[in-house]
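1. Sequence plus the predicted model coming up.
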Amino acid sequence: MDATTDKDPLVQEQIHKALCELGESEPEEILNACDEYLRQHDKLAYPHRVIILKAMETVVKNNIALLDKSTAKEVIRDWQQAASNVLVAVGQRFINKVMEEVLSKFQPGILPHYFVVQTFANLSVSNGE
């Protein structure tokens, strides 16, 4: 997975494809490996984090019926946290666009999802003066 940091888009695409293909035969192993990698590399630049997150998304979508309930729950939570972190990182440069997207998730009369609120709060903290 370290190759996701390669600047060559073809290498990045090959890593994504390889993770997805491995995820077809061993979805829980790949999801756990991706999760562990993201935890160990919490400073990984967001473009590289996105490659892994997209692979995880594909593996989950293609194998949802095969996943153990506890694995699915843990992966979803971790995936949401990682996605939130990506938005916060992008928001350090493009705060208006990210805020527009996050605010669109707030609907009158409906409690927002936990990670929407967390992302909103973390955006505020990371862009405070």
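-> On my side now, so go ahead. From a predicted model like this one, the values you see are computed outputs, not experimental measurements. Numbering: from 1, shown residues only.
2. Please make it C-alpha for all contacts and neighbour counts, starting now.
-> Will do.
3. OK, contacts around the residue nearest the centre of the chain?
-> Geometric centre of the chain, nearest residue: residue 83, 3.5 Å, by Cα atoms, centre = their mean. Under the criterion of Cα atoms under 8 Å, 6 or more residues apart in numbering, the neighbours of residue 83 are residue 53.
4. Same question for residue 6.
-> Contacts were defined as Cα under 8 Å, 6+ apart; by that measure residue 6 touches residue 12.
5. Let me know how buried residue 101 is, in neighbour terms.
-> A count of neighbours around residue 101, defined by other Cα atoms under 10 Å, yields 13.
6. Report the separation between it and residue 91.
-> Using Cα to Cα, to the nearest Å, one obtains 11 Å as the distance from residue 101 to residue 91.
7. Mind listing what's buried along the helix-or-strand element of the chain with minimal mean pLDDT?
-> Per-element confidence for the chain was summarised using mean pLDDT, DSSP states H and E. The lowest value among helices and strands belongs to helix 69-91, with a mean of 79. Residues of helix 69-91 classed as buried by neighbour count (16 or more other Cα atoms under 10 Å): 72, 75, 78-91.
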